[in-house]
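*Asks:* only geometry, no sequence info:
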């Protein structure tokens, strides 16, 4: 769930009306060649910013206002103490670039106990490349703004290693290693790229937090409006090839986004706060419209004393038309995926899709195992869960597919999935969902159970006839290769279909009768999907 | 002379592009159609030799060390290669990246830039410097990325023209290593 937080820097700015930057040193007048400025914090004398006479402390670039197309280069193999908070903004096609020069290990910015190690306030068209960022108190890298009815554009963070902020988080969103957060009324950020960024080993709340939309009216987020005013969502937010691990709260979280992409990320060991009552998850989205999460791995996410979440992937509240595909979630405290709608009828989660994913060995914390592996809760108007493979081995017996009843007219389906379970409880759902073409199997010695609309069945045929569901489904061994694999990295041969598997060719075209629906081009393993018929059940379309 | 400027080709100048693509018999003893041995400098020090003792399978990736574009997906390819090294290294697979930027740029790679890339991409696999594209040419590389999987005896078992996903890579590797991945300890 969303919360609002404010740093000491933000507070100082909001109260004082200033830029949030406190400057004390007066550096020499910069001399640059072609707008490129140099910092070598190992130099004994503070220079003029040229390559032959570089600045030797962050106070110098922090006191300088950079212009469009400028570069600020830090020498590799050196460490600068303090906060890097240069001034100015670039322009479209001419961003200001912070990068490195020389040869060797990335230059280090050690933020110490300053609020942030790197700070951009009300600035745009910046790119920050190839730095190691250590410490800072509440944030490693903080980018924020507070100008109402404005936008901050083109913020690119590439190849950063950000870790070790000192703050000890107490609630969601109160701190982070990478933290992008406009707070002005109707303020948004657009064109954010986070690529090859590693965030880790910190007691702050968030590995990577990108809140692309600011406040709506000071009390209620734009996303709580129905319909959501799209101008209050930031757009084109991409996070890829990045990692988040060993943090106290969430791994990677994007909020208030239109057109977001999270791919090729690996998140693990999140939610490590030992005593926080909170709701962390590995990779999740809040108020994302038309977002895609794909090829990610999320595992070993914890709840830190809380009784909810601790999941791999969370389609949280106010999300619309999102696709989660080709992801691998495993060995986590809570669920593999959650569809969570809000509790009243003004803003449902709408038409989100979870397909061709592999979920293995989740539900490891017995206190929250009853969330299941696929949890559908709140006001959900349309959801599709199809062609996934689950190895369900929770700490205590609990249904894998757990749903609650809420109104809504759009399609709600659970089809073409393989459930290979170590416990007898398989589903627990009210009416209102369409289940079909699934393969269920338990290796438990107890009889399997399907709980549909309050009635528990232990015989598959009785369940089919009593519920009218799963008419084309099977209770049989799906004949998977290595069906209990739950290691890292993502499976490559585990969960594939053996020759003679009953999953081969017995799936449905789930798009039949659904306007605008496509099952995509390929399966979890990269095999092409057939055209219109001949689908397999589960995450593999056997070649 | 700086040794890193001179990749040394130690074996015959075999025209490797004549070797059939796709999976072929890879387990026979070393034969005339094996890839020629070579040594190349690793950008952060040390030498990579194709043929090791004892003999091991090798996954070579010819990449361009620039950020991903729609046409050149080298950065994300390194993510997948690191995963392969982590997953199959314990079973003997060696993974190396050969900078083949000059295939595209027509300029020799900048050594300092390659050193920096190895840090910036947090690479846990060797990055090799093929200054004059000699090795890329011997492997018939005409586009980037190109990946080549070699058996311990040097035969090319599989070749991917363009980027390859983890599952595609692993299927070839599994076929070569013979057997499914072992499980990690249970939680």
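*Replies:* Everything's here; your move. If you're wondering where the values come from, they're calculated on a predicted model, not measured in any experiment. Numbering: from 1, shown residues only, chains lettered A, B, ... in the order given.

*Asks:* In chain A, which residue sits nearest chain B?
*Replies:* Distances between chain A and chain B by C-beta to the nearest C-beta are smallest at residue A:492, namely 3.0 Å. Backbone N, C-alpha and C define where each C-beta goes, glycine included.

*Asks:* Quick check: that residue touching residue B:171?
*Replies:* Yes - with contact defined as C-beta atoms under 8 Å, residue A:492 reaches residue B:171; the gap is 6.5 Å.

*Asks:* Nearest residue to residue A:147 in space, please, no chain neighbours.
*Replies:* residue A:184 (4.7 Å; C-beta to C-beta, 6 or more residues apart in numbering or on different chains).

*Asks:* Tally up the residues packed near the one you found, please.
*Replies:* 18 (other C-beta atoms under 10 Å in any protein chain shown).

*Asks:* Give me the pLDDT for it.
*Replies:* Residue A:184 carries a pLDDT value of 90.

*Asks:* which residue packs closest to residue 83, ignoring adjacent ones?
*Replies:* Unless you meant another one, I'm taking chain A. residue A:114 (4.5 Å).

*Asks:* you looked at the wrong chain, it should be chain B
*Replies:* residue A:489 (4.4 Å).

*Asks:* Phi, psi for the one you found please.
*Replies:* The phi/psi pair for residue A:489 (degrees, to the nearest 10) reads phi -90, psi -160.

*Asks:* ditto for residue A:520
*Replies:* According to degrees, to the nearest 10, residue A:520 has phi 90, psi -170.

*Asks:* Mind jotting down where the helices sit in chain B?
*Replies:* B:74-88, B:101-105, B:111-120, B:134-138, B:166-177 (DSSP state H).

*Asks:* Point out where the chain drops to low pLDDT.
*Replies:* No chain specified, so I'll use chain A. Flagging of chain A using pLDDT under 70 yields the residue ranges A:1-34, A:215-221, A:344-346.

*Asks:* The intended chain is chain B.
*Replies:* Low-confidence regions of chain B, defined by pLDDT under 70, span residues B:1-33, B:67-72, B:179-187.

*Asks:* how about the residues of the stretch 351-500 of chain A near chain B?
*Replies:* A:361, A:364, A:481-482, A:484-494 (C-beta under 8 Å from any C-beta of the partner chain).

*Asks:* Filter the residues you listed down to just the buried residues.
*Replies:* A:361, A:364, A:482, A:484-494 (16 or more other C-beta atoms under 10 Å in any protein chain shown).

*Asks:* The residue nearest to residue B:83 contacts residue A:297, doesn't it?
*Replies:* Yes - the pair residue A:489 and residue A:297 qualifies as a contact (C-beta under 8 Å) at a distance of 6.3 Å.

*Asks:* Pull up the overlap in contacts between these two.
*Replies:* Residues touching both residue A:489 and residue A:297 by C-beta atoms under 8 Å, 6 or more residues apart in numbering or on different chains: A:266, A:328.

*Asks:* Would you map the strands across chain B?
*Replies:* Assigned by DSSP state E, chain B shows strands spanning B:8-9, B:38-41, B:47-49, B:58-63, B:94-99, B:127-129, B:146-150, B:156-161.

*Asks:* Compare those strands and give me the one nearest chain A.
*Replies:* Nearest of those to chain A, taken as C-beta to the nearest C-beta: strand B:156-161 at 11.3 Å.

*Asks:* closest point of chain B to chain A, which residue?
*Replies:* Closest point on chain B to chain A, by C-beta to the nearest C-beta, is residue B:170, at 3.0 Å.

*Asks:* can you list the residues of the stretch 101-250 of chain A near chain B?
*Replies:* For the stretch 101-250 of chain A, the residues in contact with chain B (C-beta under 8 Å from any C-beta) are A:102-106, A:129-130, A:158-159, A:161, A:195-196, A:198, A:240-241.

*Asks:* For the stretch 351-500 of chain A, which segments are assigned as helices?
*Replies:* Using DSSP state H, counting those that start in this stretch, the helices found in the stretch 351-500 of chain A span residues A:460-467.

*Asks:* residue ranges of the strands in it, please?
*Replies:* Secondary structure of the stretch 351-500 of chain A by DSSP state E, counting those that start in this stretch: the strands cover A:358-360, A:374-377, A:380-386, A:389-392, A:401-403, A:412-415, A:418-421, A:425-429, A:434-436, A:439-442, A:449-452, A:455-457, A:474-475.

*Asks:* Name every strand pairing with the shortest one and say which way it goes.
*Replies:* The strands that strand A:474-475 pairs with in its sheet are strand A:439-442 (parallel) (by DSSP bridges).

*Asks:* swap in the fourth one?
*Replies:* In the sheet containing strand A:389-392, its partner strands are strand A:358-360 (parallel), strand A:418-421 (parallel), by DSSP bridges.

*Asks:* which strand residues sit across from the nearest residue to residue B:49 once chain neighbours are set aside in the sheet?
*Replies:* Leaving aside its sequence neighbours, residue B:49 sits nearest to residue B:39 (C-beta to C-beta, 6+ apart; 4.6 Å). Beta-bridge pairing for residue B:39 (DSSP bridges): residue B:8, residue B:49.
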